[in-house]
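Asker: give me a model of this one.
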Amino acid sequence: MSDYIVRATAANAQIRAFAVTSKELVEKARRIHNTSPVITAGLGRLLTAAAMMGSMLKGEKDVLTMQIHCDGPVRGLTVNADSHANVKGAALEPQVMLPPNALGKLDVGGAVGNGILSVIKDMGLKEPYVGQTQIQTGEIAEDLTYYFATSEQVPSAVGLGVLMEKDNTVRQAGGFIIQLMPFAQDETIGALEEKLGTMDSVTNILNAGNTPEQLLEILLGDLGLEINDTIPTQYVCDCSRERVERAIMSIGKKDIQEMINDAKPVEVRCQFCDKIYNFEVADLEELLKAGKA
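Answerer: Residues are numbered from 1 along each chain as shown. Sure thing, here's the model as predicted:
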């Protein structure tokens, strides 16, 4: 089954909800970056959240970037998503190995440590929207719950999970984001909090064969769940030689001339898909000659 996102409302639109199955995109990220299990889980959770948050964007060309700068051994995570829920991401240190945490789970919080979560939304305006919050636990879901409450003033519940196979491939991945509208009534809030307090983990629910629709039914079925639509989500890198040329051009004529003087080809590797772009000395000379730099 391909990955997809479900968008829904409940309680007469007092609640808006998103749920996703993201096993394939997280597994693709794992293969590209050869991540260790704990980094697969951390990057996978962030990619899963980014897919849902990307689907919240209104404009056709809107883009969301989430960055974690931290003092844990992973050092940092970056993910991008567009309004079509296409995502890509990378970890600064993809091979971190840690023992399980006190609950016997992958210690994502230990890999992340302390730091800052930044959410950048480029919506075609003069300046992008930037929201920043302190990392609370490093487990990603709790950090995003805190971000929504403090930076966007939207009370939210975020659940994210990545379950690994014994061969370190991805067995299940998915998540949900539940948000309360400003006019949500106390009765609705209380019923939702009670349900969230008793539900099983996201990965256990998905691993039992449930779909994103059924995940939302478990959470919101008693509150008049209405499924609005479903959209596909996937790991896609939109890098190109033209984009890499622009990146080289941005360093300036002087530095490019020095690269030419070194008389060695330049290799540029995309951080998101690992594709390599080679530029011979003649290619660099052509950039200068064509006035592109």
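
Asker: would you point out which residue is most central in the chain?
Answerer: Nearest to the geometric centre of the chain sits L47, at 2.5 Å (Cα atoms, centre = their mean).

Asker: correct me if wrong: L206 contacts G174.
Answerer: Yes: using Cβ atoms under 8 Å, L206 makes contact with G174 at a distance of 4.9 Å. Glycine gets a C-beta too; all of them are placed from N, C-alpha and C.

Asker: now the common contact residues for the two.
Answerer: 21, 161, 215 (Cβ atoms under 8 Å, 6 or more residues apart in numbering).

Asker: tell me how many other residues crowd the first one.
Answerer: Spelled out, it's T21. As a burial measure, T21 scores 25 neighbours (other Cβ atoms under 10 Å).

Asker: cool, the second one as well?
Answerer: By the criterion of other Cβ under 10 Å, G161 has 24 neighbours.

Asker: thought it was touching V170?
Answerer: No: if you go by Cβ under 8 Å, G161 and V170 don't touch, sitting 10.8 Å apart.

Asker: if we can go back for a sec, against Q134, how distant is the residue nearest to the centre of the chain?
Answerer: As for L47, its distance to Q134 is 22 Å (criterion: Cβ to Cβ, to the nearest Å).

Asker: quick one: the top helix by length along the chain to chain centroid distance?
Answerer: Longest helix of the chain, by residue count under DSSP state H: helix 37-54. Relative to its chain's centre, helix 37-54 lies at 5 Å (Cα atoms, centre = their mean, to the nearest Å).

Asker: and the average pLDDT for that helix is what?
Answerer: Across helix 37-54, pLDDT averages out at 98.

Asker: also stretch 283-290?
Answerer: 83.

Asker: just the element for K264, please.
Answerer: Secondary structure assignment for K264, by DSSP states H and E: no helix or strand.

Asker: burial of it, as a residue count?
Answerer: Neighbours of K264 using other Cβ under 10 Å come to 10.

Asker: surely it touches N278?
Answerer: No: K264 lies out of contact with N278 (Cβ under 8 Å); the separation is 11.1 Å.

Asker: so for I140, what's the nearest residue that isn't a sequence neighbour?
Answerer: Nearest residue to I140, sequence neighbours excluded (Cβ to Cβ, 6 or more residues apart in numbering): R45, at 4.0 Å.

Asker: was I right to think that neighbour contacts V162?
Answerer: Yes: using Cβ under 8 Å, R45 makes contact with V162 at a distance of 6.0 Å.

Asker: now do the helices in the protein.
Answerer: Remark: helices assigned in the chain by DSSP H are 23-33, 37-54, 108-112, 141-151, 186-198, 202-207, 212-220, 241-249, 253-261, 281-289.
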